[in-house]
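Peer 1: Turn this into a structure:
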Amino acid sequence: MTIRFKFLAGDVNWQEYGGKFVSKKLCNGYDGRGAVKGQDYDFHYWLVMDVRPNEDWEYGDKKDPKYYVSLAVVSPEAADPGELQRAIDSYGIPDDESPRYMADPMFLVECLHSCGVAAYEWQGQGNNLSVLMKEARKEAQLAGGMFFGFYMDAPQNRIGSTGWDCVRGDLLAGLRRYEDDEATPY
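Peer 2: Have a look, this model is predicted:
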């Protein structure tokens, strides 16, 4: 299965000003049996490839990389409802238009990704954008396939929060796990 990306958000001239690309909807945990009647997955998710040029590269030190590219997992289904609402509120959508936007999964993916409610699976930097995007697509094949769980089990920050925690928007979960382990007598 080849994962293809389509334009999600950003400037028309995304190579110069940055842009985001999104995969098709993927699902986690398909076992064919359906743990819950009619449900064969844990949650749906999208892979978001974010392309960011270094704005100071033209005027600054040419030793810095010209581009930053990242690959993230975003899931409106797995996100904590409070985090999802905070992400939507940050866009300033009027209450009377909120239901229309809530029904659009691409809007929800963009909101969550922009607010940092995502698990970052890969990041790269360099001067050749096509090479970076090729690497990101290669990582997407692994992250969107059989190795999804391995990517999500990896720590995302220095306190031990995993990808599963970050896709929910719970960046402090690793700290709470550490505190719980310290409180448990041996």
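Peer 1: G163 is in contact with F148, isn't it?
Peer 2: No: G163 is beyond contact range of F148, at 9.1 Å (criterion: CB atoms under 8 Å). Backbone N, C-alpha and C define where each C-beta goes, glycine included.
Peer 1: So the two - more neighbours on which side?
Peer 2: Taking other CB atoms under 10 Å, G163 and F148 do not tie; G163 has more neighbours (23 against 20).
Peer 1: Quick one: residues in contact with stretch 72-91.
Peer 2: Contact partners of stretch 72-91, identified using CB atoms under 8 Å, 6 or more residues apart in numbering, comprise 28, 42-48, 50, 98, 101-102, 105, 108-109, 111-115, 117-121, 143, 151-152, 163, 167-170.
Peer 1: so how far is it off the chain centroid?
Peer 2: 11 Å (CA atoms, centre = their mean, to the nearest Å).
Peer 1: go on, stretch 152-160?
Peer 2: 14 Å.
Peer 1: got the end-to-end distance for that stretch?
Peer 2: Terminal residues of stretch 152-160 are spaced 12 Å apart (CA to CA, to the nearest Å).
Peer 1: For it, buried residues please.
Peer 2: Within stretch 152-160, the residues scored as buried using 16 or more other CB atoms under 10 Å are M152, Q156.
Peer 1: Other residues contacting it?
Peer 2: 73, 119-120, 161-167, 171-172, 174-175, 177-178.
Peer 1: tell me the contacts of the nearest residue to Y17 once chain neighbours are set aside?
Peer 2: Excluding the flanking residues, the one nearest Y17 by CB to CB, 6 or more residues apart in numbering is D11, at 3.8 Å. By CB under 8 Å, 6+ apart, the contact list for D11 reads Y17, G18, G19.
Peer 1: mind listing which of those residues are in helices?
Peer 2: Cross-referencing these against helices under DSSP state H gives Y17.
Peer 1: Who wins on neighbours among the contacts of D11?
Peer 2: Ranking these using other CB under 10 Å puts G19 first, with 19 neighbours.
Peer 1: I figured that one was touching Y67, is that so?
Peer 2: No: using CB under 8 Å, G19 is not in contact with Y67, being 11.4 Å away.
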